[in-house]
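*Asks:* build me a model:
(2 chains)
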Amino acid sequence: MLSPSASRNNGAHFAETAWSVVLAAGSLSESSATEALTELCQMYWPPIYAYVRQRGFNRHDAQDLTQIFFQRIVQDETLRRASPARGRFRSFLLGALTRCLADEQAYLRAVKRGGGAQFISMDEVASEETHHRQVTMNLTPADSLDARWAVLLLERALGKVRAEFSANGKEETFEALSPFLAGEKREISYQDAAQRMGLAMSAVKTHIHRLRRQFASAVRQEVMQTVSAPHEVDDELRQLRGVFVRLGQQHAL
Amino acid sequence: MDLLARKTFCETCGSSLEVDMPSGFCPACLLATALDSPDVPSSGSRIEDYELLNEIARGGMGIVYRARQRTPSRTVALKMILPVHLRSSGAVNRFRTEAEAAASLDHECILPIYSVGEQDGTPFYSMKFAEGGPLSARIENYRTKPHETAALMAKLARAIAFAHERGILHRDLKPGNILFDGAGKPYVSDFGLAKWLQCECDLTQTLAILGTPFYMAPEQATNSRTVGSGADVYSLGAILYQMLTGHPPVSGETPMEVLRRAAEQAPRRPRLTNHHVPRDLETICLKCLEKEPVSRYSSAVALAEDLERFCAGRTIQARPAGLTTRMWHWTRRNRAIAGLATALVALVVSLSALVWSEHVPRPSNGLAVLPFENLSADPENAYFADGIQQEILTRLSKIGDLKVISRTSAENYKGPRGNLREIAKQLGVEYVVEGSVQKNGDAMRISAQLTKTADNSHLWADSFDRTVTDILSVESEIAKTIAEQLQAKLTRREKQVIAARPTDNPEAYEAYLRGLVYAGRTGHISENVSKARNYFKQAVGLDPKFALAWAQLARIDSVGYGETLPPTAASRDEARRAAETTLALQPDLGEAFLATGQYYYYCLSDSDAAEHYVGRARQLLPNDSQVRRLLALLARQRGDWQRSEAYFDEAIRLDPRNPELLFAHAGSLMFQRRFDEARRELEQVLNIIPDDTMTLVQEAAISQAQGDLKRSAALLDPLPLANNHVLYAKCYQSLLERSPARIMPQLQEILSTNSSMDRSDRGESRFWLGWLEEIKGDHAAALENWRQARDELEPLLKEQPEYHFLISDLALLNGALGDKTAAFDLAERGTTIVPVEKNALFGPMMIEVLARVAALTGERDRAIDSLRALLNKSYAGPLAANPPITLALLRLDPMFDSLRTDPRFQRMIDSH
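*Replies:* Residues are numbered from 1 along each chain as shown, chains lettered A, B, ... in the order given. Alright, predicted model coming up:
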């Protein structure tokens, strides 16, 4: 369960059901739904951009395509309605994107007439490009999208927890304990950590336990924004994890 | 932090690191961490005094476990709100307050909450474990059990009423929140939680959490802050709706869309989906689902009471939806005008609530006046008993505060009758008036008694010894006393109406009473109509100022012109004169307005004028099923079939055993191609009048339209040819079967021997004979018959150039004769006289005539285009008993033979 402090600290910013808010709306004329969708699109552009790049578009076209794709998602009701996968935001985006890219030429012509809200930060495109070059071409575009999606939301959750620690002046604690987030590591034992932090073993264990819960909660809240109901969170987590596990098994073969 | 960087797979879990994290973590390991620390506790965990056994349900808001409590030792259900819904400690406190308020509700049908607690900042509460599961899991079982459904809903409504009295609204009633214990006892659960959510977020977010709001009142979409007890009444109605039909009242792709539709669209009537649903239960259900909260039941108690009345077989308080609402609006307006010229909206709303609440407490407004027994030595005096009963009934039915069953339905209980309670149940009333009349010369003894059928108690009984000249005052007196006994509130006008003396001439009154007797009998038998008409004529002859008799004459002339009697210009003029006279004599007589409305509808097809007059009639004759019937016909003519059905329903509720009304409704269902339902309604007629000829003809027409010629033949075979409708139906049958010999000899004989046939019948018979000759192969004989038919009908058209049935007949005749110009001229004239936009019933009929003319004259394109447009339309066809054109008829009818080689026609009849 969440500790009381954690639930309070997470207060200010989160529209925890952002995607379900979009789904509940009859149309995007409801401002809360437009805001939610715009925010989601701004958050999740990098995996989409990478996907477009991987489909063979050059940097500029991919940039334009991603930009216009998100614009159309927000503005064009029919595009949203026609999407066969309305369940989760991730599957929804992929469905709509696939259909849009199927008509690339028409799409690129449309791109040139684009305009309006900016979903992509140009500075970030540069770093995303560097990242893109590192990606091996072993992955299918769809796997790549899912994997990047997961990485993005995990980094966001991690950043949020780190920010909470530093807001309480406990940056060092976070640095010392965060390696335990991914499970117990041989290299850094509990004992080492206890010694470095000058704490009793039991106290360290309690801290780690809390940190893991705090992080889990942050991840869940991120995922929560992209699914339609809370009970879908676990399933989405399992699906995303499954992508890495499957790729690892393929690699082992 | 780059411990794992540049490796291609994770040493801990073995999964891929090809897409790595800038922070250097293995994404799969982090995801595993998130999965290992669930938001909610898993089975086996302990929360305070409870051990969680297993998860029962999970939704957008929370999770429910079956749990074991240590002290006292018992199995409970434990509900935990998902932490994501708790943004601040303030929210936790508010949730606690709500849960504790709900816990204070101690009612046998509200799921008891045992305790409210908090673990790690997440609130939870424990409650009774309902092992029978939710209603949503067994809702299908109720579809065929309307009484069980009503009984269950009555209990739930009582529970909700209990909470409302304590200031707690539920706001999220749905089948999933109705639970059953092991013994099948129902409980309402989850009180007040939706309210807690609503003060936290805006509506879209609330909906995102609660899920699709199939059961949510439309006002919850517009202003959740002013939502009152009416919202829960709506939800109960929506649950009832689903129990009756198998689905909620509105659907939609998104929650918002569902709410929007709930605010804009009237739900489809449950009986259209499930004909087992009793009318009264449908009325109750639809009243809950009214858009405006003030039009719904004023409280959950009022709903519970009406459901209980339904279960006990008593008269319900609700009137069919829509119509009632309008009546109240009218009442409201008039009251408001009397008091204040400018009424604030709020005042108007509260007034309407008053009107409703005035309606609620009185236990007694369902009343049937059964036929009086004739105790006179002379059986000839029977009409006197009938007439007096009918007059008392007519007077009582003018009291808006009473629901009085129409004459025609009460008529079925003439002679020796069974158990009063059973009769009351069949008629849907609580009270019954019985009586007897003994006439000896001028002296009369009239006895009457009023019985409350639930306990068979006599509320009142009296007898009156009078002379025939006093008969009117006795009727007034009896009616007045019954109204008093039933504590009906009478307006000043109603008091005047009850006491009115329609004539001072006893002979005229006697004739009028005799006329009423025949007018009350089956109207589609022309003999009854003619007799009634003669008596009414006699009555107005004896007292030319007898407005009521004039009104009856106008009614019978108008309806007769439209349905039973030969539609001659003379009878139309007589109808007009009678209608004008009655209105001139007594400009505030409800019957006068109704008769005038009927005149405009049946004789002139002027629906605007008819609408105007019937509107006035409705105000003055609140219990008259004829008024509703005319409203139904007018709505149908406008193309508003749904409203028309609602009016028919209301008429049938007022007059449940009126065979004519049921027959008319069956016709309407047939026009809408709802053949099975039409057939069921016709079966109802046959239950009342076994072997009724017209009913069997109509049933045969439906079978013909469905292509079941065997069945239609079996229905028609035993029927007597003396009835013209039978004759024509048999002609059409032979034509469809292409076996002319089956009917030709009889038809020829009738034509040669029956000298009493009028022009229109001779014309029609020749029309059919021509077609029979044609399929026999004797084209010359066919032409000769068609020419004769045309000669018979043309003079009639000169008299009434706008009579659409005549235009239709003559267009078809000219088409058959090959006179293309004349045929098209007539058919096109028909489409301008009754354009589809103005007459949804007969407008398309003219299109069918046009299509038939086109087929007969080789204009294939035109024929096929017109037919295509008709195949899904609701309308009355031009032939036999007027079914609309169907694929089966297209396949069989020889009039379309010229199209059969056209591949487009073939495709059309094959494609469906």
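
*Asks:* and the helices in the stretch 451-600 of chain B?
*Replies:* For the stretch 451-600 of chain B, applying DSSP state H, counting those that start in this stretch gives helices covering B:471-485, B:492-499, B:506-519, B:526-542, B:547-559, B:569-585, B:590-598.

*Asks:* how about the shortest one: buried residues?
*Replies:* It refers to helix B:492-499. Along helix B:492-499, the positions that meet the burial threshold by neighbour count (16 or more other Cβ atoms under 10 Å in any protein chain shown) are B:E494, B:V497, B:I498. C-beta here means a position set from N, CA and C on the backbone, and glycine is covered the same way.

*Asks:* those: which ones sit near chain A?
*Replies:* The overlap between the buried residues of helix B:492-499 and the neighbourhood of chain A (criterion: Cβ under 8 Å from any Cβ of the partner chain) is empty.

*Asks:* of all the residues you listed, which comes closest to chain A?
*Replies:* Taking Cβ to the nearest Cβ as the measure, chain A sits nearest to B:E494 out of the buried residues of helix B:492-499, at 48.1 Å.

*Asks:* show the subsequent helix or strand relative to the helix-or-strand element of chain B with minimal mean pLDDT.
*Replies:* Comparing every helix and strand of chain B by mean pLDDT, DSSP states H and E singles out helix B:345-359 as the least confident one, with a mean of 30. Downstream of helix B:345-359, the next assigned helix or strand under DSSP states H and E is strand B:366-369.

*Asks:* can I get the helices of the stretch 451-600 of chain B in CSV including mean pLDDT?
*Replies:* Rendered in CSV, the data for those read as follows (pLDDT from 0 to 100):
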stretch, mean pLDDT
helix B:471-485, 83
helix B:492-499, 79
helix B:506-519, 85
helix B:526-542, 89
helix B:547-559, 92
helix B:569-585, 89
helix B:590-598, 93
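
*Asks:* A:G169: which of those is closest?
*Replies:* Evaluated over these, closeness to A:G169 peaks at helix B:492-499, with 84.3 Å, by Cβ to Cβ.

*Asks:* kindly reformat the helices of the stretch 451-600 of chain B as JSON lines containing distance to B:E422.
*Replies:* Compiled in JSON lines, the helices of the stretch 451-600 of chain B are given as follows (distance: least, Cβ to Cβ, whole Å):
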{"stretch": "helix B:471-485", "distance to B:E422": "21"}
{"stretch": "helix B:492-499", "distance to B:E422": "30"}
{"stretch": "helix B:506-519", "distance to B:E422": "26"}
{"stretch": "helix B:526-542", "distance to B:E422": "28"}
{"stretch": "helix B:547-559", "distance to B:E422": "32"}
{"stretch": "helix B:569-585", "distance to B:E422": "39"}
{"stretch": "helix B:590-598", "distance to B:E422": "32"}
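
*Asks:* out of those, which is closest to B:S436?
*Replies:* helix B:471-485 (12.2 Å).

*Asks:* residues of the closest one that come out buried?
*Replies:* Buried residues in helix B:471-485, counting neighbours by 16+ other Cβ under 10 Å, are found at B:I471, B:L472, B:V474, B:E475, B:S476, B:E477, B:I478, B:A479, B:K480, B:I482, B:A483.

*Asks:* which among the residues you listed gets closest to A:D61?
*Replies:* Ranking the buried residues of helix B:471-485 by separation from A:D61, with Cβ to Cβ as the measure, puts B:A483 on top at 85.5 Å.

*Asks:* report the contact partners of the closest one.
*Replies:* B:A483 sits next to B:L396, B:I399, B:L402, B:L490, B:I498 when contact means Cβ atoms under 8 Å, 6 or more residues apart in numbering or on different chains.

*Asks:* the fourth one and B:A499 touch, don't they?
*Replies:* No: counting by Cβ atoms under 8 Å, B:L490 sits too far from B:A499 to count as a contact (10.4 Å).

*Asks:* quick check: can you list the domain ranges of chain A?
*Replies:* Chain A breaks down into these structural domains: A:15-135, A:140-253 (assignment by automatic domain parsing).

*Asks:* return the member of those domains having the minimum mean pLDDT.
*Replies:* When these are compared by mean pLDDT, domain A:15-135 comes last with a mean of 72.

*Asks:* is residue 53 within a helix or a strand, and which one?
*Replies:* I went with chain A, as the question did not name one. Using DSSP H and E, A:R53 sits within helix A:45-54.

*Asks:* actually it's chain B I care about, not the one you picked
*Replies:* Counting by DSSP H and E, B:L53 is found in strand B:50-58.

*Asks:* strand partners of that strand, parallel vs antiparallel please.
*Replies:* With DSSP bridges as the criterion, the sheet partners recorded for strand B:50-58 are strand B:46-47 (antiparallel), strand B:62-69 (antiparallel).

*Asks:* now it: buried residues?
*Replies:* Buried positions in strand B:50-58, judged by neighbour count with 16+ other Cβ under 10 Å: B:Y50, B:L52, B:L53, B:I56, B:R58.

*Asks:* A:L37: which of these is nearest?
*Replies:* The nearest one, if we look at the buried residues of strand B:50-58 relative to A:L37 and count by Cβ to Cβ, is B:R58, at 26.0 Å.

*Asks:* how about the contacts made by the closest one?
*Replies:* When the contact criterion is Cβ under 8 Å, 6+ apart, the partners of B:R58 are A:P230, A:H231, B:V64.

*Asks:* ok, now with 10 Å
*Replies:* For B:R58, the residues meeting the contact criterion (Cβ atoms under 10 Å, 6 or more residues apart in numbering or on different chains) are A:A229, A:P230, A:H231, B:V40, B:V64, B:Y65, B:M80, B:L82.

*Asks:* in the sheet, who's paired with it?
*Replies:* Counting by DSSP bridges, B:R58 is bridged to B:I63.

*Asks:* what helix or strand does A:E39 sit in?
*Replies:* In the assignment (DSSP H and E), A:E39 maps to helix A:31-43.

*Asks:* now do that helix against helix A:45-54, angle only.
*Replies:* 50 degrees (axes from the mean of the first three to the mean of the last three Cα atoms, to 10 degrees).

*Asks:* helix A:31-43: which residues count as buried?
*Replies:* By neighbour count on 16+ other Cβ under 10 Å, the buried set for helix A:31-43 is A:S32, A:A33, A:T34, A:A36, A:L37, A:T38, A:L40, A:C41, A:M43.

*Asks:* quick check, that helix touching chain B?
*Replies:* Yes: Helix A:31-43 lies in contact with chain B when judged by Cβ under 10 Å from any Cβ of the partner chain; the contacting residues are A:S31, A:S32, A:A33, A:A36.

*Asks:* the closest residue to the third one other than its chain neighbours and B:V258: what is the separation?
*Replies:* Distance criterion Cβ to Cβ, 6 or more residues apart in numbering or on different chains; nearest residue to A:A33, sequence neighbours excluded, is A:A25 at 3.5 Å. Counting by Cβ to Cβ, to the nearest Å, the separation of A:A25 from B:V258 is 12 Å.

*Asks:* outline the domain layout of chain B.
*Replies:* The record's domain split for chain B, according to automatic domain parsing, is B:1-33, B:38-129, B:132-318, B:322-361, B:366-498, B:507-706, B:736-911.
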